[in-house]
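Trainee: how would this look folded up:
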Amino acid sequence: MDIGAKSGTSFRKSKIMIMVKNRNPFSVFSNFMIMLLFLILISSSSYAQKSEFRKIENIAFTVGEKLTFEVNYGFITAGYAEYSIPKISRIAGRDVYNVTFNVSSVPTFDAFYKVRDHYETYLDVEGIFPWRFEQHIREGGYSRDFSAFFDQRKGKAKTSEGSYDIPKYVHDIVSALYLGRTFDYSKMKEGDKVHLENFYKDKTYPLDIVYKGKETVSVKAGKFDCIILEPLVQEGGLFKNEGSIIIWLTNDELKIPVKVKTKVLIGSIDAELSSYSGLAGELKAKRK
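Mentor: Residues are numbered from 1 along each chain as shown. Below is the predicted model:
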């Protein structure tokens, strides 16, 4: 046995024992309690951050997606519409999808009814609910500008026209479409409903989405197997309560809107998918 090594070990043990004996026991206890309190605070903070808002699995869409539609009034191409997610921004300490929706009439239709509408919603990346909504309407001689900040923590919608109480996870009409794309409709029967809350102007309206079955539809972008939904919209600006709205979404994980049919006072307006890019995955519902 190495006597030197044994002596060194004994010396170190003695030194440690002397340090412990000389240390103020109250100081040791105080430091221990501070460290314990610190760990509790860190754990509590971490738990609060994790549980503050819901988390929804989203494999339907992502930043970079762009969906373009032809808007037809009867047999006439009256305009174009585009949904896009150009970037991720930061609002209220959260990552949000900056979703835009634009509708424009074609030059030949401008003489009858000129449309230049722009909508934006800032959609929470994890929870798929809105933090901010903007609406800029230019239709004929009518114009309207509206904005709302949805304080999802305090339950308030702070708009350009006032402050109003809102339920948690309230939606605007654009964000509701994107949330609807994350739902699993595979076990639904015709007539089943999903209930949402939609805020517009100065109050919250019920927004029920009715499952209407399946259908294969052909549009300019191709032929797609779709599910059919009917949102029962009471108010919202994007689609008014003048008639029914039917939406065809691809029957796959992406659930991209392929066709929207809106009955109006005279006839109907159809928006049909003409092109797409930046999808979150493979478009399996498209037929060859």
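Trainee: please count neighbours and contacts with C-alpha atoms only from this point.
Mentor: OK.
Trainee: isn't Lys259 up against Thr250?
Mentor: No. The pair formed by Lys259 and Thr250 falls short of the contact definition of Cα atoms under 8 Å, at 9.5 Å.
Trainee: mind checking which of the two has more residues around it?
Mentor: Residue environment comparison for Lys259 versus Thr250 gives the larger neighbour count to Thr250, 26 against 23, counting by other Cα atoms under 10 Å.
Trainee: quick one: pLDDT of that one?
Mentor: Thr250 carries a pLDDT score of 98 in this model.
Trainee: spatially nearest residue to it, not counting backbone neighbours?
Mentor: Beyond its immediate neighbours in the sequence, the residue positioned closest to Thr250 (Cα to Cα, 6 or more residues apart in numbering) is Cys226, lying 4.3 Å away.
Trainee: hey, what's that neighbour bridged with?
Mentor: For Cys226, the beta-bridge partners under DSSP bridges are Glu215, Thr250.
Trainee: ok, it - how many residues close by?
Mentor: By other Cα under 10 Å, the residues close to Cys226 number 24.
Trainee: could you list which residues are in contact with it?
Mentor: For Cys226, the contacting residues are 214-217, 248-251, 258, 285, by Cα atoms under 8 Å, 6 or more residues apart in numbering.
Trainee: pull up the gap between it and Lys212, please.
Mentor: Relative to Lys212, Cys226 is positioned 11 Å away (Cα to Cα, to the nearest Å).
Trainee: identify the residue nearest the residue nearest to the spatial centre of the chain in space, chain neighbours excluded?
Mentor: The residue lying closest to the centre of the chain (Cα atoms, centre = their mean) is Ile128, at 3.3 Å. Sequence neighbours aside, Leu179 is the residue nearest to Ile128 in space, at 5.9 Å (criterion: Cα to Cα, 6+ apart).
Trainee: how about low-confidence regions in this structure?
Mentor: Along the chain, the model assigns pLDDT under 70 to residues 1-51, 234-243, 265-267.
Trainee: ok, now with 90
Mentor: Scanning the chain for pLDDT under 90 picks out the ranges 1-52, 73-76, 112-113, 160-161, 200-201, 232-245, 262-269, 288.
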